[in-house]
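> okay, here's the prediction I keep looking at, along with the sequence it came from:
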Amino acid sequence: MIFKKGELFNGPGGLSLAAKNAQVIHPKTGEEFRIEHLWSNDYDATACETFRLNICENPDDPSVHWGPVEDLPIGDKSILGDIDCFAFGFPCNDYSIVGESRGLEGKFGPLYSYGVKVLKDYQPKFFVAENVGGLQSANEGKAFIQILTELEDCGYKLTPHLYKFQEYGVPQARHRIIIVGIRNDLTEQGIEFKVPAPTTLASTDYKTASEAILNPPIPEDAPNHDMPKHTAKVKEMLSYIPPGSNAWYPGIPEHLQLKVKGARMSSIYKRLDPDRPAYTVTGSGGGGTHMYHWDELRALTNRERARLQTFPDDFVFAGSKEAVRKQIGMAVPPLGAQVVFEAILKSFAGIEYDYVEPAPKLQLENLRGKKKVTIKEVVANII
């Protein structure tokens, strides 16, 4: 069974690479269950170029539509063909705890509604939506409830869960909400998605940042592996920061300390701890936010960041260094998302797999059954 996939906000292709690599073969019938790209959209030109190069393997592939999602002819199946499944990592800018967290009131917050439109117009068999953990608390919890309600009203049984990707083999402490929806008529036929169990239970067994970057060594001529340049002062400051610490480490001499008033971000000149998963890879920020090597006096290369995001070395990112950094930081780790897609395919194939109960303690149907439910109560029990 082949599922043709549409996607909004495709970025460089983290979700699509995961879907592409997720293949399941039924042990008895030999039937193959897999996902194929049909069309996608993103407003970032370099991300679209990266997607075409790696997912479509054709730099001129017309199935990747560059431009604002508002201009996409959703529902016109002569342009955007019919699909069996849908993915959208809707923009997280307004839901992230880094920033103003404007939620639905921000510029990007309402863009999830275009995913809702796709679900209404195409009614795919299943969908996967991804966003930051901050989605649960945006607008005092109202945003998450509204998004879940609208998705459910499209005719889907939802399984939202906060995935801690370090528990799924990703060498990075990255926590993201993934919502899986299975069309109601299919769940009535017995197709049920369950949250796949973590592949790594003990924190001592998590893949570390140093293991990801050093094993195997990155070839010197690998794409997107240009070494960063720093001033002598930055290098000297880094020499006083031990692995796992940042620019606020008390052992830094006074003449090298940063003069910052107000909030001090923990990621500023933070060096990786080689014996732990990396802290969250980000796609934006000025000097001091580029992630720093635990041993060498420098920031990571984009290739090293890509490894922390589980992109293979032959995955080529298009654009300038900063454009590439943005793409990598905004992407979904393919290895983590692949576990989710494989669980979906196994659900359709009727293959059992290890699972855990989803993180939300209160489902929408339970909330509707209560006469009085405060937003505070909702937020406290969702995740």
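Received it, and whenever you're ready, just let me know what you need. Residues are numbered from 1 along each chain as shown.

> who are the contact partners of Arg174?
Lys164, Phe165, Gln166, Thr280, Val281, Pro333, Gly336 (CB atoms under 8 Å, 6 or more residues apart in numbering). The way it works is simple: take the backbone N, C-alpha and C, and place the C-beta from them, glycine included.

> for Ile83, that is, sorry about that
Lys4, Lys5, Gly6, Leu38, Trp39, Tyr122, Pro124.

> low-scoring stretches of this structure, by residue?
91-109, 132-141, 262-263, 360-383 (pLDDT under 70).

> which strands or helices does the lengthiest helix in it pack on?
Taking DSSP state H as the criterion, the chain has its longest helix at helix 334-349. Applying 3 or more CB pairs under 8 Å, 6 or more residues apart in numbering; DSSP states H and E, we find helix 334-349 packed against helix 14-21, strand 24-25, strand 32-42, strand 126-132, strand 175-183, strand 195-196.

> other SSEs contacting the following helix or strand past that helix?
Next helix or strand after helix 334-349 toward the C-terminus (DSSP states H and E): strand 355-356. If you count contacts as 3+ CB pairs under 8 Å, 6+ apart, strand 355-356 packs onto strand 195-196.

> adjacent strands (with direction) for the strand it packs on?
strand 355-356 (antiparallel) (DSSP bridges).

> which other residues reach the strand it pairs with?
So strand 355-356 is contacted by Lys194, Val195, Pro196, Ala197, Pro198, Ala343 (CB under 8 Å, 6+ apart).

> gap between Val24 and Phe90?
Val24 sits 27 Å away from Phe90, going by CB to CB, to the nearest Å.

> sorry, wrong one. I was asking about Asn224.
26 Å.

> same question, Gly30
The separation that Gly30 has from Phe90, given CB to CB, amounts to 37 Å.

> please apply the same query to Lys120.
16 Å.

> test my guess that Phe88 contacts Ser16.
No: Phe88 lies out of contact with Ser16 (CB atoms under 8 Å); the separation is 11.3 Å.

> who touches both of these two?
Joint contacts of Phe88 and Ser16 (CB under 8 Å, 6+ apart) are Glu7.

> next, the angle from the longest helix of the chain to strand 175-183.
20 degrees (axes from the mean of the first three to the mean of the last three CA atoms, to 10 degrees).

> for helix 334-349, output the C-alpha coordinates as PDB.
Output of helix 334-349 as PDB, limited to C-alpha atoms (Å, rounded to 0.1, in the frame of the first residue of the first chain):
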ATOM      1  CA  PRO A 334      14.200  12.600  10.700                       C
ATOM      2  CA  LEU A 335      15.200   9.700  12.900                       C
ATOM      3  CA  GLY A 336      12.700  10.700  15.600                       C
ATOM      4  CA  ALA A 337       9.800  11.300  13.200                       C
ATOM      5  CA  GLN A 338      10.500   8.100  11.300                       C
ATOM      6  CA  VAL A 339       9.500   6.100  14.400                       C
ATOM      7  CA  VAL A 340       6.100   7.800  14.400                       C
ATOM      8  CA  PHE A 341       5.600   7.200  10.600                       C
ATOM      9  CA  GLU A 342       6.600   3.500  11.000                       C
ATOM     10  CA  ALA A 343       4.100   3.200  13.900                       C
ATOM     11  CA  ILE A 344       1.300   4.600  11.600                       C
ATOM     12  CA  LEU A 345       2.200   2.200   8.800                       C
ATOM     13  CA  LYS A 346       2.200  -0.700  11.200                       C
ATOM     14  CA  SER A 347      -1.200   0.400  12.400                       C
ATOM     15  CA  PHE A 348      -2.600   0.300   8.900                       C
ATOM     16  CA  ALA A 349      -0.800  -3.100   8.300                       C
END
